[in-house]
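Visitor: Below are the sequence and a predicted model; questions follow.
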Amino acid sequence: MRRFLHAKAGAGLMAAMMACATSGGQTPQTGPISAPKPQPSGTQPVPTIPGTAAHALESSDLEAFFDGILPLQLERSDVAGASVLVMKDGQVLLKKGYGYADVKSKKPVNPNSTIFRLASISKLFTWVSVMQLEEQGKLNLDTDINRYLDFPIRPAFDKPITLRNLMTHTGGFEDTSTNIILTDPKKAVSLRDYLIQNQPMRIYPPGQIPAYSNYGVGLASYIVQRASGEPFEKYVQEHIFGPLDMTHSSFDQPLSKALASLPSEGYRGDTTKHPVGFEIFNPVGAGGISSSAADMGRFGAALLNGGALDGRQILKPETLALMWTPQFQVSNQLPPICMGFYQVWRNNLRWIGHEGDLIAFHSLFFVEPTQKLVLFVSYNSAGGGGKPRPEIIDFFTDRYFPGAPKQEFLKTFPADMREIAGTYQSTRREDTTKAAISNLGEQLTVTVDKDGVLHVQNFHDLRGHDIRWRAIGKDLWQAEEDQQRIFAIRDGSGRIVRTAGDFAGVQMQRVRWFENGRLVLALGGCSLAVLTLVLIAPLVRFWQRMFLRKRPRPAPQPGTIWLTFAPRMAALIWTFMLGSIAIFFLVRGDDLLPPTPAWFKWLAAVNWVTGAALMMSLFAVIAAIRIGRRPSLRRITKLKFSLVALACVLLSWIAVHWNLIGPAHRL
């Protein structure tokens, strides 16, 4: 479940490590990307490093390239099928399906009619809708969004949230997961009800710290609905899909009867097992789109033609140019996020678009305005969310537009840059919900070796090798054999507090020492081990009485007493509860869908059991204090009571600090 919830959001959550430099290595020129004018114009070749040669970007070479890589990806990553489209200068160069839309019936993928679920690529249509209404004067990007809503966004930080904040994922919301994906349409709720029932807390001031937010985009889609007077799904159909003749696209969940037979099945992790079913994504504007490769080509063509296609205009060229202007960028050395679109830099190209992830479907949609390119790929199985997708954009760019900018690494490593070493967690996380405890297992450790090379835990290249990051400027690192970058963000006192990377929608935040996952999990594990021994001891004594009857019964030595009721009961409750939770997730694991209100009764039970554990822990501490004051007792007895009390205290702190006990409806 958590694999989905924190899967790559766009260019990727985990690739979102680091950055905030204002000087350093060479990068593509900064500034806005201009939306192309409707009139045709020539393109300029991208300069290449001497010795490299670009393949001709033509249909025959493209088909050979994708015929070579896609079947291999499907086999290696257990993906049922994929749909691909490449366009240049408004012409389709490749449009092809690979593998199966339905493994059981051997139904092949048809790029014209097979509908894939594109998840977060939906956001681009939400933002286009917002800008259409902004053109009409119905919306203002810098007005408090409460003005457009019929329910309040809770105040925080004495600063309102604006549509521009939502577009750049700087609204300050924590992440939320309840009801985000359903497969039973009967359990679906309206967009308004979803937003009211699942409003997350605000944990950052607006406009300052990016924290990728589906909820924020959902608010924007509801604002579109309110400002236009039409349901969001109908608005997009009437004002984007219809004008662009995107006949195999819809935000309806599930799809209408006319399209119901066209969607590809989606496969969780093993294509020999039953498919997931139609994933209903909430909120709809953040991930509910269904579309085909052919339709996404029409959308891309309109974007590259100044917002028009076949004489129908969905946006003015100047509006589109504004949408592609950087809005949030911690450093001009890193790709920015624009107005909903984000950039990916490689070989002097500036791809702009979005990626998308559901449980089963993983997709990318990018355009490159200078070269007038459209690149779309979608996979219908969970395996597509690993290596396949980044391989496509990297290998495609390197094959047809080679020439990575030359980079000089610093020969002298600044001593204060070693301060980046530490433990970090994503700014996109759940802080106040019961899922907050999962943050402990998702932290990353950053180290700097004696040669000044930066290492980030679990950051690997496509070969699975650890990435070595070397300094190219003040607080700026680049992968030794690639183009990814990391940058350190310092506070007013010069201390490194966050890092940023190639995806501007998320940063990584330094973890306070007492919230370090390794430390906390080690202490929690040791505490649970101590309490487990408390339960094992009487079982051992029982076994001795049953099977070693000839031996005398063990009796306490003078000054020794057995653990009393409170410590033993605290040990029983903690071990039973934590063990049950661990076994549940180990057995169900990634087969779990994100939580729904059906979970709330079980979470309420966890609250009651945790409350009982906290109460008995208090009594265990009192017992340890009382035992410690009795001079007649042996040290081993006092140590035993003290260890149990300490274990109870540590587990109680973890339970309270990471919301194991708390509102049952907040998950």
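Guide: Structure's in. What do you need? Numbering: from 1, shown residues only.

Visitor: Moving C-terminal from the lengthiest strand in the chain, which element do we reach first?
Guide: In the chain, with assignment by DSSP state E, the single longest strand is strand 91-102. For strand 91-102, the following helix or strand on the C-terminal side (DSSP states H and E) is strand 107-108.

Visitor: residue ranges for the strands of the stretch 101-250 of the chain, please.
Guide: 107-108, 116-119, 181-182 (DSSP state E, counting those that start in this stretch).

Visitor: In the sheet, which strands lie alongside the second one, parallel or antiparallel?
Guide: For strand 116-119, the pairing partners within the sheet under DSSP bridges are strand 289-291 (antiparallel).

Visitor: which outside residues touch the partner strand?
Guide: Here strand 289-291 makes contact (Cβ atoms under 8 Å, 6 or more residues apart in numbering) with 115-119, 121-122, 125, 246, 248-252, 255, 259, 263. From N, CA and C alone the C-beta is placed, and that goes for glycine too.

Visitor: Next: stretch 617-636.
Guide: Contacts for stretch 617-636 (Cβ under 8 Å, 6+ apart): 557, 559-561, 564, 566-567, 570, 574, 637-638, 641-642, 644-645, 648-649, 651-652.

Visitor: what about burial for those residues, which qualify?
Guide: When those are checked for burial by 16 or more other Cβ atoms under 10 Å, the buried set is 564, 566-567, 570, 574, 637-638, 641-642, 644-645, 648-649, 651-652.

Visitor: which stretches of the stretch 51-200 of the chain form helices?
Guide: 59-76, 122-135, 163-167, 191-197 (DSSP state H, counting those that start in this stretch).

Visitor: now the first one: mean pLDDT?
Guide: Model confidence over helix 59-76 averages 98 on the pLDDT scale.

Visitor: Next, the angle strand 91-102 makes with it.
Guide: Relative orientation of helix 59-76 versus strand 91-102 (axes from the mean of the first three to the mean of the last three Cα atoms, to 10 degrees): 20 degrees.

Visitor: I'd like the distance from stretch 530-542 to the chain centre, please.
Guide: Chain-centre distance of stretch 530-542: 42 Å, with Cα atoms, centre = their mean, to the nearest Å.

Visitor: go on, stretch 608-617?
Guide: Taking mean C-alpha positions (Cα atoms, centre = their mean), stretch 608-617 and its chain are 33 Å apart.

Visitor: quick one: contacts of the longest strand of the chain?
Guide: With Cβ under 8 Å, 6+ apart as the test, strand 91-102 has contacts from 57-59, 62-63, 66, 70-71, 74, 79-87, 106-112, 114, 263-265, 275, 293-294, 297, 380.

Visitor: returning to what we had before: are any of the contacts of strand 289-291 buried, and which?
Guide: Among the contacts of strand 289-291, the ones that count as buried by 16+ other Cβ under 10 Å are 115-119, 121-122, 125, 246, 248-252, 255, 259, 263.

Visitor: quick one, phi/psi of residue 615?
Guide: Taking degrees, to the nearest 10, you get phi -60, psi -50 for the backbone angles of residue 615.

Visitor: Can you get me a residue count around it?
Guide: Here the number of neighbours of residue 615 (other Cβ atoms under 10 Å) works out to 15.

Visitor: What of the one 3 residues further on?
Guide: Neighbouring residues of residue 618 were enumerated by other Cβ under 10 Å; the total is 16.

Visitor: The helix or strand hosting it: which residues count as buried?
Guide: If you go by DSSP H and E, residue 618 is part of helix 600-628. The neighbour-count check on helix 600-628 (16+ other Cβ under 10 Å) flags 600, 603, 606-607, 609-610, 613-614, 616-621, 623-624, 627 as buried.

Visitor: Equivalent analysis for stretch 265-281, please.
Guide: 265, 266, 267, 268, 269, 271, 275, 276, 278, 279, 280, 281.

Visitor: if we look at it, which residues are touching it?
Guide: So stretch 265-281 is contacted by 78-80, 101-103, 117, 119, 122, 180-183, 185, 188, 253-255, 263, 287-288, 358-361, 380-383, 590-591 (Cβ under 8 Å, 6+ apart).

Visitor: just for the stretch 501-650 of the chain, where's the confidence low?
Guide: For the stretch 501-650 of the chain, residues meeting the criterion pLDDT under 70 lie at 541, 544-545, 548-556, 590.

Visitor: Please enumerate the strands of it.
Guide: Per DSSP E, counting those that start in this stretch, the stretch 501-650 of the chain carries strands over the ranges 507-510.

Visitor: Check the stretch 251-400 of the chain too.
Guide: Under DSSP E, counting those that start in this stretch, the stretch 251-400 of the chain gives strands at 280-281, 289-291, 308-309, 312-313, 342-346, 349-357, 362-368, 373-379.

Visitor: Tell me which of these approaches residue 197 most closely.
Guide: strand 280-281 (15.2 Å; Cβ to Cβ).

Visitor: what mean pLDDT does the closest one have?
Guide: 96.

Visitor: and which of the buried residues of stretch 265-281 is nearest residue 484?
Guide: Using Cβ to Cβ, those come closest to residue 484 at residue 269, 27.0 Å.

Visitor: tell me the angle the longest helix anywhere in the chain makes with helix 600-628.
Guide: Looking across the chain with DSSP state H, the single longest helix is helix 517-547. Helix 517-547 runs at 70 degrees relative to helix 600-628, counting by the same axes, to 10 degrees.

Visitor: can you give me the offset of helix 517-547 from its chain's centre?
Guide: Using Cα atoms, centre = their mean, the offset of helix 517-547 from its chain centre is 37 Å.
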